[in-house]
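Q: Return atomic coordinates for the entry below.
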Amino acid sequence: MSPSFEVLAVMRMSPLLEPLLRAQFTVHDRLHESDPAAFEAVAPRIRGIAASGESKVGAALMDRLPALEIISVMGVGYDGIDVAAAKARGVVVTHTPDVLNDDVADLAMALMLAGSRQIVAADRYIRDGHWSGGPMPLARKLSGSRLGVVGMGRIGQAIARRAQAFDMPVAYHTRQPKPGLPYPYIASLVDLAARSDVLVVITPGGAATRHLVNAEVLAALGPQGLLVNVARGSVVDETALIEALESGALGGAALDVFADEPNVPERLRALPQVVLTPHIGSATNSTRGAMAGLAVENLRAKAAGEAVLTAVPECR
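A: Numbering: from 1, shown residues only. Presented below is the predicted three-dimensional model:
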């Protein structure tokens, strides 16, 4: 236990994370937001930040924490953290990769199935009493469909392996081809969309990928195409997506992430050919528990003067 190692939690702590943190550290729960005066008193002593994948930690907050040593993100994505500012201050940023690969890949497959076979609409068809009036419209077959993967890191590769069990030809797009993979690399995202029946987005968020999936990509995916996003809402131009769905230029979408979470536009919620889930990619007890344990272990290692376990690539 390191009670002298004080940690600022900048997100709403999950019941899996909070007891682990409080068992080892002195924790200040969003004190910078709830009590500015009290925060100013403890700020010089704070050595760690506990954050989520959706947290925003910028240079201005770091400037108020002169003793800060580590920002531990409970999540694989960390686009809300100003990593350059952290590095300039000698602060290491960590995250929790690998432990959530299976859950996110599983959800991607579930969304492909739900979007193709209209599972949610079928459930609603029965609940609303429409079945007695006749069968619902035919859906689309998923097995054998051509899959395009935008991003081919650990999770992208896990999705591709699952898709092969559905006899889906897989191709992918990243900034650079990944050596040793058995899937075709497509240098142009528009070209990948044009040759895909289903396009899955699993690339990091941030400025470099903002609106990577734009109106041109959606038009190339086409009126029979399905877009699945399990990455970040910022990667898809949400306005262009809504317009493509409303006009019929895009066949459907299955989305776990949104541009302004938890606010989802009414126009998007009203579309019958869209499946929506509330950012639940890693939301199972076992995986969230593993993520919490790894996030706390990174803090513990820093407090003990040891090497952290899973620094983000920029901090290795």
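Q: Endpoint to endpoint, stretch 251-262 covers what distance?
A: Length of stretch 251-262, first residue to last, Cα to Cα, to the nearest Å: 24 Å.
Q: Just the buried residues of that stretch, please?
A: Within stretch 251-262, the residues scored as buried using 16 or more other Cβ atoms under 10 Å are Gly251, Gly252, Ala253, Ala254, Leu255, Asp256, Val257, Phe258, Ala259. All C-beta spots, glycine's among them, are computed from the backbone N, C-alpha and C.
Q: Tell me which stretches of the stretch 101-250 of the chain form helices.
A: 101-117, 119-127, 154-164, 189-194, 215-221, 238-247 (DSSP state H, counting those that start in this stretch).
Q: mind saving the C-alpha coords of the second one as PDB?
A: Taking C-alpha atoms only, helix 119-127 is exported to PDB below (Å, rounded to 0.1, in the frame of the first residue of the first chain):
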ATOM      1  CA  ILE A 119     -31.700  -8.600 -35.300                       C
ATOM      2  CA  VAL A 120     -32.900  -5.500 -33.400                       C
ATOM      3  CA  ALA A 121     -35.600  -4.700 -36.000                       C
ATOM      4  CA  ALA A 122     -36.700  -8.400 -35.800                       C
ATOM      5  CA  ASP A 123     -37.000  -8.200 -32.100                       C
ATOM      6  CA  ARG A 124     -39.000  -5.000 -32.300                       C
ATOM      7  CA  TYR A 125     -41.200  -6.600 -35.100                       C
ATOM      8  CA  ILE A 126     -42.400  -9.200 -32.700                       C
ATOM      9  CA  ARG A 127     -42.800  -6.900 -29.700                       C
END
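Q: average model confidence for that helix?
A: Per-residue pLDDT values over helix 119-127 give a mean of 97.
Q: Name the residues of it that come out as buried.
A: Neighbour-count burial for helix 119-127 [16+ other Cβ under 10 Å]: Ile119, Val120, Ala121, Tyr125.
Q: Spatially, which two of the buried residues of stretch 251-262 are the most separated?
A: Set against one another by Cβ to Cβ, the buried residues of stretch 251-262 have their most distant pair in Gly251 and Ala259, with a gap of 20.9 Å.
Q: and the lengthiest helix in the chain, what does it pack onto?
A: When every helix of the chain is counted residue by residue (DSSP state H), the longest turns out to be helix 285-303. Under the contact definition 3 or more Cβ pairs under 8 Å, 6 or more residues apart in numbering; DSSP states H and E, helix 285-303 sits against strand 2-9, helix 18-24, strand 46-52, strand 70-74, strand 92-94.
Q: Recalculate using a threshold of 6 Å.
A: Judged by 3 or more Cβ pairs under 6 Å, 6 or more residues apart in numbering; DSSP states H and E, helix 285-303 is in contact with strand 70-74.
Q: For the strand it packs on, which strands pair with it and how are they oriented?
A: strand 46-52 (parallel), strand 92-94 (parallel) (DSSP bridges).
Q: Any chance of JSON lines for the buried residues of stretch 251-262, columns distance to Thr310 and secondary structure?
A: Putting the buried residues of stretch 251-262 into JSON lines (distance: Cβ to Cβ, whole Å; DSSP: H, G, I helix; E, B strand; the rest coil) gives the following:
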{"residue": "Gly251", "distance to Thr310": "38", "secondary structure": "coil"}
{"residue": "Gly252", "distance to Thr310": "36", "secondary structure": "strand"}
{"residue": "Ala253", "distance to Thr310": "32", "secondary structure": "strand"}
{"residue": "Ala254", "distance to Thr310": "29", "secondary structure": "strand"}
{"residue": "Leu255", "distance to Thr310": "28", "secondary structure": "strand"}
{"residue": "Asp256", "distance to Thr310": "23", "secondary structure": "coil"}
{"residue": "Val257", "distance to Thr310": "22", "secondary structure": "coil"}
{"residue": "Phe258", "distance to Thr310": "27", "secondary structure": "coil"}
{"residue": "Ala259", "distance to Thr310": "28", "secondary structure": "coil"}
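Q: just those now: which is nearest Asp63?
A: Closest to Asp63, out of all of the buried residues of stretch 251-262 and judged by Cβ to Cβ, is Ala259, at 28.3 Å.
Q: I'd assumed Glu238 was in contact with that closest one.
A: Yes. If you go by Cβ atoms under 6 Å, Ala259 and Glu238 touch, sitting 4.4 Å apart.
Q: which one of the buried residues of stretch 251-262 is nearest Gln273?
A: Of those, the one sitting nearest to Gln273 (Cβ to Cβ) turns out to be Gly252, at 4.2 Å.
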